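*Asks:* let me see the structure of the following:
(one chain, ligands or ions: 2)
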Amino acid sequence: MTQLGSGQLLTAEDYRHLARDLVAPDVWDFIEGGAEEERTLAANLRAFDRIRLRPRVLADVSAVDTSVELFGTRFATPLGVAPTAYHRLVDSDGEVATARGAGAAGALFVVGMFASRTLEDIAEVSTSELWLQLYWLRRRDVMAALIRRAEQGGYGALMLTVDVPRMGRRWRDMRNGFAVGGDVAAVNIDPAVMASSHHRDAGRSALAQHAAQQFDATVTWADLAWVRAQSRLPLVLKGILTAEDAALAVEHGADAVVVSNHGGRQLDGAVASLDVLAEVVDAIGGACPVLFDGGVRRGADALAALALGARMCLLGRPPLWGLAARGADGVEGVLRTTTEELAHAMALAGRPALGALDRSAVHMSTIAGGA
Ligand SMILES: Cc1cc2nc3c(=O)[nH]c(=O)nc-3n(C[C@H](O)[C@H](O)[C@H](O)COP(=O)(O)O)c2cc1C
Ligand SMILES: O=C(O)C(=O)c1ccccc1
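*Replies:* Ligands and ions are numbered 1, 2, ... in the order given. This is a model prediction of the structure:
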């Protein structure tokens, strides 16, 4: 694996620079872009720049343990791969390569409903835990079939994305007339359901048109019971940003929530994920684990989110940079280098285990709304 010593791929940002030159401009815009003016996308990153840590000293940090447990499974790292669509856009092996890389790093990989490799092919190579992400489709039969396949394939949980009743207005994709085509497809979904998603049309995003036709915007909290009834797998709700919805998630029996604004790709102007993490953690009140995504790029970012109460941090764009730059080795490299940064930050912060990490590690005046 290319690592320290090459002097080149030291950080996730290094993989980003490499990836940028290897990926077609419209695919790059799809990956990097956010909704509208990309204010929330920028806010996710800036929120981490404000954070200042409170290191403790003389704490015996000779051994640092980054492992974490979730639903009875222990992971070597609290960093996981967030669900993202169509990995074959950047690597011919697609999600199979991502699964190899995540597995080599001991990381969770949340496979997207719009994966470009079959759930079965991905499961076959995986050496770590896989979860399946779902959107609410109008076609409940298609959702039900996917859930059954996930159970049969040994997937460990279902992650229901609740922040896409319709797709955000992603100006870059609209201007590019972005469409997924050629030999890249959402192979786990019935081709009839996908029929509208391949037409290139200047000024419009084919993905947004597809979502408008196939995603179900009528769903409410009451509909969670339907998903529950399909499976005994833990149910994780992705896209919670408020104390109100956190309380409703607990009331409706969510097994975990993900604090997320979809990487700034949905409501532009929505709060930065990091700025509401403490609020959501407090509202959940220990009833279930809280996961986090949005803007995690460095080990110290993960340290801050974990200190504020996240059990695990998911990375969306960085694994795609790794995948585009170096395939499975790149995914592993991004996860490992960021985990090494986290371990380093834990040692220098005097918190050698994640169990001993709490809000006292963060200078609260650097958190929006913090006391
Ligand atoms: C290219 C791309 C595709 C995505 N596709 C999905 C998806 O299919 N389902 C989903 O729940 N989230 C999707 N997301 C959102 C990610 O799961 C995650 O919330 C977000 O990327 C986290 O922010 P980060 O990229 O700053 O780490 C996507 C994000 C990107 C960048
Ligand atoms: O969720 C997303 O952000 C996303 O880009 C996407 C694209 C196609 C299908 C599903 C999601």
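*Asks:* can we go C-alpha only for contacts and neighbour counts from here?
*Replies:* Noted.
*Asks:* can you report phi and psi for residue 23?
*Replies:* Dihedral angles of residue 23 (phi, psi; degrees, to the nearest 10) stand at phi -110, psi 140.
*Asks:* these two touch, right, it and residue 321?
*Replies:* No: using C-alpha atoms under 8 Å, residue 23 is not in contact with residue 321, being 9.5 Å away.
*Asks:* what about these two, which has more around it?
*Replies:* residue 321 (29 against 18; other C-alpha atoms under 10 Å).
*Asks:* now that one: how far from residue 87?
*Replies:* Distance, residue 321 to residue 87, by C-alpha to C-alpha, to the nearest Å: 11 Å.
*Asks:* ok, residue 202 next?
*Replies:* From residue 202 to residue 87 the distance is 23 Å (C-alpha to C-alpha).
*Asks:* swap in residue 279?
*Replies:* The spacing between residue 279 and residue 87, counted by C-alpha to C-alpha, is 33 Å.
*Asks:* ok, now residue 16?
*Replies:* Taken as C-alpha to C-alpha, the span from residue 16 to residue 87 is 15 Å.
*Asks:* looking at those two, which is more packed in?
*Replies:* Using other C-alpha under 10 Å, the more surrounded residue of residue 16 and residue 87 is residue 87, with 27 against 21.
*Asks:* right, and the more buried one touches residue 94 too?
*Replies:* Yes: counting by C-alpha under 8 Å, residue 94 is a contact partner of residue 87 at 4.4 Å.
*Asks:* shared neighbours of the two, anything?
*Replies:* Taking C-alpha atoms under 8 Å, 6 or more residues apart in numbering as the contact criterion, the common neighbours of residue 87 and residue 94 are residue 116.
*Asks:* run a quick neighbour tally on whatever residue of the stretch 1-150 of the chain ends up closest to ligand 1.
*Replies:* Of all residues in the stretch 1-150 of the chain, the one sitting closest to ligand 1 is residue 84 (3.3 Å; C-alpha to the nearest ligand atom). Residues lying near residue 84 (other C-alpha under 10 Å) number 21.
*Asks:* isn't it up against residue 316?
*Replies:* Yes: between residue 84 and residue 316 there is a contact at 6.6 Å, judged by C-alpha under 8 Å.
*Asks:* so where's the protein uncertain?
*Replies:* Scanning the chain for pLDDT under 70 picks out the ranges 1-7, 195-198, 369-371.
*Asks:* in it, which spans are strands?
*Replies:* With DSSP state E as the criterion, the chain has strands at 68-70, 73-75, 79-81, 109-111, 130-134, 158-161, 235-240, 256-259, 290-293, 312-315.
*Asks:* show me what from the stretch 251-371 of the chain comes close to ligand 2.
*Replies:* Within the stretch 251-371 of the chain, the positions lying close to ligand 2 (C-alpha under 6 Å from any ligand atom) are residue 265.
*Asks:* report the longest helix in this protein, please.
*Replies:* With DSSP state H setting the assignment, residue counts place helix 317-348 as the longest helix in the chain.
*Asks:* quick one: it near ligand 1?
*Replies:* Yes: contact of helix 317-348 with ligand 1 (C-alpha under 6 Å from any ligand atom) involves residue 317.
*Asks:* make a markdown table out of the strands of the chain and add mean neighbour count.
*Replies:* Converted to a markdown table, the strands of the chain look like this (neighbours: other C-alpha atoms under 10 Å):
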| stretch | mean neighbour count |
| --- | --- |
| strand 68-70 | 15 |
| strand 73-75 | 16 |
| strand 79-81 | 27 |
| strand 109-111 | 27 |
| strand 130-134 | 24 |
| strand 158-161 | 24 |
| strand 235-240 | 24 |
| strand 256-259 | 28 |
| strand 290-293 | 28 |
| strand 312-315 | 26 |
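*Asks:* tell me which of the ones you listed sits nearest to residue 185.
*Replies:* Residue 185 sits nearest to strand 109-111 of all those, at 14.4 Å, using C-alpha to C-alpha.
*Asks:* which elements pack onto the closest one?
*Replies:* Judged by 3 or more C-alpha pairs under 8 Å, 6 or more residues apart in numbering; DSSP states H and E, the packing partners of strand 109-111 are strand 79-81, helix 95-105, strand 130-134.
*Asks:* dump the ones you listed into JSON lines; add distance to residue 47 as well.
*Replies:* Below are the helices and strands packed on strand 109-111 laid out as JSON lines (distance: least, C-alpha to C-alpha, whole Å):
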{"stretch": "strand 79-81", "distance to residue 47": "19"}
{"stretch": "helix 95-105", "distance to residue 47": "26"}
{"stretch": "strand 130-134", "distance to residue 47": "26"}
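*Asks:* just so I know, which of these lies nearest ligand 2?
*Replies:* Comparing these by C-alpha to the nearest ligand atom, strand 130-134 comes nearest, at 9.5 Å.
*Asks:* orientation of that closest one relative to helix 95-105 in degrees?
*Replies:* Interaxial angle, strand 130-134 versus helix 95-105 (axes from the mean of the first three to the mean of the last three C-alpha atoms, to 10 degrees): 140 degrees.
*Asks:* which neighbouring elements make contact with strand 130-134?
*Replies:* Checking 3+ C-alpha pairs under 8 Å, 6+ apart, strand 130-134 ends up next to strand 109-111, helix 140-152, strand 158-161.
*Asks:* residues in contact with it: which ones?
*Replies:* Contacts for strand 130-134 (C-alpha under 8 Å, 6+ apart): 83, 108-113, 123, 143, 150, 154-161.
*Asks:* pick out the residue nearest the middle of the protein.
*Replies:* Nearest to the mean C-alpha position of the chain, by C-alpha atoms, centre = their mean, lies residue 82 at 2.2 Å.
*Asks:* now it: how far from residue 107?
*Replies:* Residue 82 sits 11 Å away from residue 107, taking C-alpha to C-alpha as the criterion.
*Asks:* kindly report the same for residue 214.
*Replies:* For residue 214 relative to residue 107 (C-alpha to C-alpha), the value is 31 Å.
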